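Asker: Could you work out the structure for the sequence below:
(4 chains)
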Protein chains: 2
Amino acid sequence: MVSRRSPKRGRPLKDDAGGVQVRILDAAQQLFLAKGYRSSSIDEISELAPASKPTIYAHFPGKQALFAAVMSRTIDGLTDFHGFMLEGRTVEDKLTSLGTAIVDSVIDESLGVVRATIAEAQRFPELSRNFHDAARERSVRAVSRLLSEADRERARDPEAPIHTRRRQDTAQIFLDLILLPILLRSLHGERPAELRSELASFIKDRVGFFLSACEPDRPHRHKRARANRPSPS
Amino acid sequence: MVSRRSPKRGRPLKDDAGGVQVRILDAAQQLFLAKGYRSSSIDEISELAPASKPTIYAHFPGKQALFAAVMSRTIDGLTDFHGFMLEGRTVEDKLTSLGTAIVDSVIDESLGVVRATIAEAQRFPELSRNFHDAARERSVRAVSRLLSEADRERARDPEAPIHTRRRQDTAQIFLDLILLPILLRSLHGERPAELRSELASFIKDRVGFFLSACEPDRPHRHKRARANRPSPS
DNA sequence: CAATTATACTATACCGTATAGTTTCTTTAT
DNA sequence: ATAAAGAAACTATACGGTATAGTATAATTG
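Answerer: Residues are numbered from 1 along each chain as shown, chains lettered A, B, ... in the order given. Model (predicted):
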């Protein structure tokens, strides 16, 4: 009984771009992110790669190391929002488009990693912490830069650099207001299709709230229209 | 060779308050929440309860059912913030104490359930969804009520009921601004000790931002300090 | 020679069931 | 009443079957 499925054996072809290691990482990533660490077996990875088990152990000392390698690689490949551009005329439009782009990107790319790092926070504490810290820092940096840009466009105000620190806090708030709620719902299994229907109005709402706090002179859409407000006392 | 460890065997005493079932659920909860579904074995649970394996299977049809039972019970036992009171003189103080209480409560009670429901969102989709939806709804309801109260105390304004819907949105924002970031950091393994040091200033900051958006006339602490603020042009 | 494959193997872990024995509560017969 | 019989709930232990991490061996190919 010879090989039954694939006649491919022995040394890999010279042009096996990337090679076995990448195939192993790809397969492992797919399974780990979909089913978690404990429920993904080396045999499955071996079959999916495809790569024989000994080969896997030749490249990685064990399952844990493979998981760690997969996660680092996945994290490195995540979008960092630095390429995003601000579209729209008003500040509100700009921020809405930014929020939408961020949410979309995270929903299609990062859900698996986030779930995996949270699920395995006990088994791989350092990995989980590092991922979260790195993701936060990178996203805050990028959003912070974009917020500065929006601000600079709106009113030429060159005294900005002083508030760099504060501006990062503001960027963090922007992300927490818009991205986190959606992220949490997605992590709990809400399907993208259901989300998308509410997304636009949700983001618009949150951007409105965000601007209410940032722009003192802005009419306050959130609580109640200014006109209706009787002097409160 | 008779029983070596515990002489307790056979039919349970009539006043065996709670009984084996509770012991099983307790043990299962401890393990499931700490190590996840796949990494907790029935044998371990049996040993920890303590309860023999047949007994476990007499009470629950299988591991999945046991997990589901554990999660429902855990969810039912979660604090729903309804007993919380508003302390402090100013609105700011009231909201700060509310935020602190909520964050504290979630950090020491709910982390495990949240992690588990997220981790097993693929295996138990309904459970995960239901948990998230219920938790959201309950917390929003409670916070919403407390916000109304704070508002009513501040300015006697009995026209409130009209804005019920909006007020729930506001409560949701309050939670998203204050609870979610801390929750996410905790889920990624940040130790409570590290968090506590920043907590006070973080919550104060977020409450400030929240109020900036809600109270039009409020001085905007967020953007720049009140004292430092030169008339902004 | 170097990388890889197929295959078989070891050792363990785990779910779920089966068997037999123990203790306590409840019912029934006297 | 009280003793015997039975039912109920549990324990300890072992077993079947499967899955899984990791290793060993020999064959194959560039």
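
Asker: Single out the residue in chain A that lies closest to DNA strand C.
Answerer: residue A:55 (3.2 Å; Cβ to the nearest atom of the strand). Bear in mind the C-beta positions are built from the backbone N, C-alpha and C, glycine included.

Asker: For residue B:110, see how far away that residue is.
Answerer: Plainly put, residue A:55 is 43 Å away from residue B:110 if you go by Cβ to Cβ, to the nearest Å.

Asker: Between these two, which is the more surrounded one?
Answerer: Each of residue A:55 and residue B:110 has its neighbours counted (other Cβ atoms under 10 Å in any protein chain shown); residue B:110 has more, 20 against 17.

Asker: Please name the residues that touch the more buried one.
Answerer: Listed by Cβ atoms under 8 Å, 6 or more residues apart in numbering or on different chains, the contact partners of residue B:110 are B:78, B:79, B:135.

Asker: my read: the first one touches residue B:114, true?
Answerer: No: in this structure, residue B:78 is not within contact of residue B:114 by Cβ atoms under 8 Å, at 9.9 Å.

Asker: Could you check which of the two has the larger neighbour count?
Answerer: residue B:114 (24 against 18).

Asker: helices or strands next to the longest helix along chain A in the packing?
Answerer: The longest helix of chain A (DSSP state H) is helix A:125-154. Helices and strands touching helix A:125-154, by 3 or more Cβ pairs under 8 Å, 6 or more residues apart in numbering or on different chains; DSSP states H and E, are helix A:63-76, helix A:91-109, helix A:111-119, helix A:164-187.

Asker: so of those helices, which one's packed in deepest?
Answerer: Among the helices and strands packed on helix A:125-154, ranked by average contacts under mean count of other Cβ atoms under 10 Å in any protein chain shown, first place goes to helix A:111-119 (a mean of 21).

Asker: quick one, that one and helix A:63-76 angle?
Answerer: 130 degrees (axes from the mean of the first three to the mean of the last three Cα atoms, to 10 degrees).

Asker: List the contacts of helix A:111-119.
Answerer: A:32-34, A:36-37, A:71, A:74-75, A:78, A:124, A:127-128, A:131-132, A:183, A:186-187, B:36, B:115, B:118-119, B:121, B:187-188.

Asker: Let me see the mean pLDDT of that helix.
Answerer: Regarding helix A:111-119, the rounded mean pLDDT is 98.

Asker: mind checking how far it is from the chain centre?
Answerer: Distance of helix A:111-119 from its chain centroid, counting by Cα atoms, centre = their mean, to the nearest Å, is 10 Å.

Asker: what about that helix, near DNA strand D?
Answerer: No: using Cβ under 7 Å from any atom of the strand, helix A:111-119 never reaches DNA strand D; the gap is at least 14.7 Å.

Asker: was I right about residue A:21 contacting residue A:59?
Answerer: Yes: under the criterion of Cβ under 8 Å, residue A:21 makes contact with residue A:59 at 5.2 Å.

Asker: What mean pLDDT does the longest helix of chain A get?
Answerer: Mean predicted lDDT for helix A:125-154 stands at 91.

Asker: buried set for it?
Answerer: For helix A:125-154, a neighbour-count test (16 or more other Cβ atoms under 10 Å in any protein chain shown) marks A:127-132, A:135-136, A:138-140, A:142-148, A:150-151 as buried.

Asker: Pop the domain breakdown of chain A in here.
Answerer: As assigned by automatic domain parsing, chain A contains the domains A:20-75, A:78-221.

Asker: Columns distance to residue B:202 on top of the ones you listed, output as TSV?
Answerer: As requested, the domains of chain A are arranged in TSV below (distance: least, Cβ to Cβ, whole Å):
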stretch	distance to residue B:202
domain A:20-75	25
domain A:78-221	10
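
Asker: rank those by pLDDT, which is bottom?
Answerer: Per-stretch mean pLDDT for the domains of chain A is lowest at domain A:78-221 (a mean of 88).

Asker: Any idea how far apart the tips of stretch A:53-69 sit?
Answerer: Using Cα to Cα, to the nearest Å, the end-to-end distance of stretch A:53-69 comes to 17 Å.

Asker: can you tell me if that stretch touches DNA strand D.
Answerer: Yes: counting by Cβ under 7 Å from any atom of the strand, DNA strand D has neighbours in stretch A:53-69: A:53, A:54, A:57, A:62, A:63, A:64.

Asker: Closest one to residue A:170 out of those residues, please.
Answerer: Residue A:170 has its nearest neighbour among those in residue A:64, at 39.1 Å by Cβ to Cβ.

Asker: if we can go back for a sec, which two from the residues of stretch A:53-69 next to DNA strand D end up farthest apart in space?
Answerer: Across the residues of stretch A:53-69 next to DNA strand D (Cβ to Cβ), the longest gap, 18.0 Å, separates A:54 and A:64.

Asker: quick one on the thing from earlier: quick one: the longest helix of chain A to chain centroid distance?
Answerer: That offset, for helix A:125-154, works out to 11 Å (Cα atoms, centre = their mean).

Asker: With stretch A:105-115 instead?
Answerer: With Cα atoms, centre = their mean, you get 5 Å for stretch A:105-115.

Asker: Stretch A:188-197 now?
Answerer: On Cα atoms, centre = their mean, the centre of stretch A:188-197 falls 16 Å from the chain's centre.

Asker: Can you show me the CA trace of that stretch as PDB?
Answerer: Taking Å, rounded to 0.1, in the frame of the first residue of the first chain, the C-alpha atoms of stretch A:188-197 are listed here in PDB:
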ATOM      1  CA  HIS A 188     -19.900  36.900  22.000                       C
ATOM      2  CA  GLY A 189     -20.900  35.600  18.700                       C
ATOM      3  CA  GLU A 190     -23.000  38.300  17.200                       C
ATOM      4  CA  ARG A 191     -22.900  37.700  13.400                       C
ATOM      5  CA  PRO A 192     -21.500  40.500  11.300                       C
ATOM      6  CA  ALA A 193     -24.700  40.600   9.300                       C
ATOM      7  CA  GLU A 194     -26.800  41.600  12.300                       C
ATOM      8  CA  LEU A 195     -24.200  44.100  13.300                       C
ATOM      9  CA  ARG A 196     -23.900  45.800  10.000                       C
ATOM     10  CA  SER A 197     -27.500  46.900  10.100                       C
END
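
Asker: separation between the closest residue to residue A:131 other than its chain neighbours and residue A:126?
Answerer: Nearest residue to residue A:131 in three dimensions, chain neighbours excluded: residue A:117, at 4.7 Å (Cβ to Cβ, 6 or more residues apart in numbering or on different chains). For residue A:117, the distance to residue A:126 equals 11 Å [Cβ to Cβ].

Asker: go on, residue A:214?
Answerer: Distance, residue A:214 to residue A:126, by Cβ to Cβ: 36 Å.

Asker: Residue A:43 too?
Answerer: From residue A:43 over to residue A:126 (counting by Cβ to Cβ), the distance is 27 Å.

Asker: That's all I had, so thanks and see you.
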